[in-house]
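Enquirer: predicted model, plus sequence, below.
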Amino acid sequence: MRKVSHNKNVEKLCFSTTYKSQLPFDLPARPLLIVISGPSGAGKDAVLTRMKELGYPLEYIATVTTRTRRANERDNVDYHFVSEEKFHAMIKNKELLEWANVYGNWYGVPYEPVKQALEKGQDIIIKVDVQGAATIKKILPQAVFIFLMPSSMDELAMRLKQRHTELPFDLALRIKSAEEEIKELSLFDYIVVNKQDKIDLAVSDIGVIITAEKRRVSPREINLE
């Protein structure tokens with residue numbers, strides 16, 4: 001049997017060429033706002049990191065949070081880490097598009113970077129929990145909503161255990177929350193399964209979704225006031 005090699009540079013080039021190719025006629029080009037959500041442990045951060053590595057031409061909006069930074073995380077790259085006082089000041093000053101308290105910590109999407117990217121015509125991708133996705137759906141229903149999930153609840157539990165960041169009680173709470181969040185699939189436009197050690201397949205699926213959205217006869221139009 002002939003072995004087929006997989007060249008990551010070719011994958012990157014193929015996506016870039018498809019994504020940027022021009023359609024006939026002078027069709028309007030409108031930026032996309034892509035919302036990635038899903039249960040804790042589904043691999044949202046890992047998928048976004050891989051998309052950056054492969055050169056997906058998107059504006060990646062970092063979430064603001066009050067939780068403690070983990071050892072492998074970078075401030076202003078993975079998240080914007082702030083104090084609770086700063087976070088509540090941002091709410092008061094209307095600097096957040098949406099915000100929520102998740103497992104005792106505050107998370108929010110900064111408003112200004114989203115606004116600036118849309119004004120430049122840049123496609124945006126943001127990561128939020130399911131509660132945050134529901135809020136954005138009410139504010140910006142024309143966004144593209146993608147639900148990222150593992151192949152099974154057993155796999156999700158295994159991933160959460162491997163992180164070594166939750167106590168047994170917290171782990172059980174997150175698994176229970178994941179079961180409830182999966183019931184909210186009707187909020188989303190697409191489902192992407194992120195299987196263990198198959199992250200490139202999940203990234204490729206997201207790339208296909210973006211390309212399809214760029215080919216819509218009636219493009220989505222984001223109106224951020």
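Expert: Alright, I've got the coordinates.
Enquirer: give me the nearest residue to Val77, chain neighbours excluded.
Expert: Ala62 (6.5 Å; Cβ to Cβ, 6 or more residues apart in numbering). Heads up, the C-betas are built off the backbone N, CA and C, glycines and all.
Enquirer: for Thr66, grab the count of nearby residues.
Expert: When neighbours are counted by other Cβ atoms under 10 Å, Thr66 registers 19.
Enquirer: which residue is the nearest non-sequential neighbour of Gly108?
Expert: Trp99 (3.4 Å).
Enquirer: who's in contact with the residue nearest to Val77?
Expert: Taking Cβ atoms under 8 Å, 6 or more residues apart in numbering as the criterion, Ala62 is in contact with Asn76, Val77, Asp78, Tyr79, His80, Pro110.
Enquirer: from these, list just the buried residues.
Expert: Asp78, Tyr79, His80, Pro110 (16 or more other Cβ atoms under 10 Å).
Enquirer: can you pull up the bridge partners for the third one?
Expert: Each beta-bridge partner of His80 is listed here: Val64, as defined by DSSP bridges.
Enquirer: separation between the nearest residue to Lys94 once chain neighbours are set aside and Tyr56?
Expert: Using Cβ to Cβ, 6+ apart and skipping the chain neighbours, the partner closest in space to Lys94 is Tyr111 (7.0 Å). The gap separating Tyr111 from Tyr56 is 23 Å, by Cβ to Cβ, to the nearest Å.
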